[in-house]
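A.B. asks: after the sequence you'll find the predicted model.
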Amino acid sequence: MTRIELDEGYYINTDAMNYTLKRKQIRRADDGSEREVEKVIGHYGTLIKAIRAAAEVSATEKTKSICLKVNEYLEGLNAAVKKACEALTEKKEGRTSEK
């Protein structure tokens, strides 16, 4: 199994059949102790779908306590997805962007 690290604690595990998007989270137990756990976000048939989902979930998490108009929300979501897809395309073509 291959693990692809993304930003903000997200990563993708790949195998012969699918791509599993996961996120690292810190959970606090009743006794106050903390431990790192992984949350499965979803299973996808292609890498681009998994990366798109990560961008969408991340954008949604960033705006969950903010009141936005629908067009503002969609603009932010589209920008996050576009950035993720462009980064993937650059990597596939052997280019890197240091932004």
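C.D. replies: Okay, I see it.

A.B. asks: quick check: buried residues in the longest helix anywhere in the chain?
C.D. replies: Scanning the chain for the helix with the most residues, using DSSP state H, yields helix 70-92. By neighbour count with 16 or more other CB atoms under 10 Å, helix 70-92 contains the buried residues 76-77, 80-81, 84, 87. Where C-beta positions appear, they are placed from N, C-alpha and C, glycine not excepted.

A.B. asks: also stretch 18-25?
C.D. replies: Buried residues in stretch 18-25 (16+ other CB under 10 Å): 19-23.

A.B. asks: out of the residues you listed, who's nearest residue 49?
C.D. replies: The closest of the buried residues of stretch 18-25 to residue 49 turns out to be residue 19 (CB to CB; 7.3 Å).

A.B. asks: need the contact list for the closest one.
C.D. replies: 12-13, 43-47, 49-50 (CB atoms under 8 Å, 6 or more residues apart in numbering).

A.B. asks: residues contacting the helix or strand bottoming out on mean pLDDT in the chain, please?
C.D. replies: When each helix and strand of the chain is scored by mean pLDDT, DSSP states H and E, helix 70-92 comes last, with a mean of 76. Contacts to helix 70-92, defined as CB under 8 Å, 6+ apart, come from residues 47-48, 51-52, 54-56, 58-60, 62-63, 68, 96-97.
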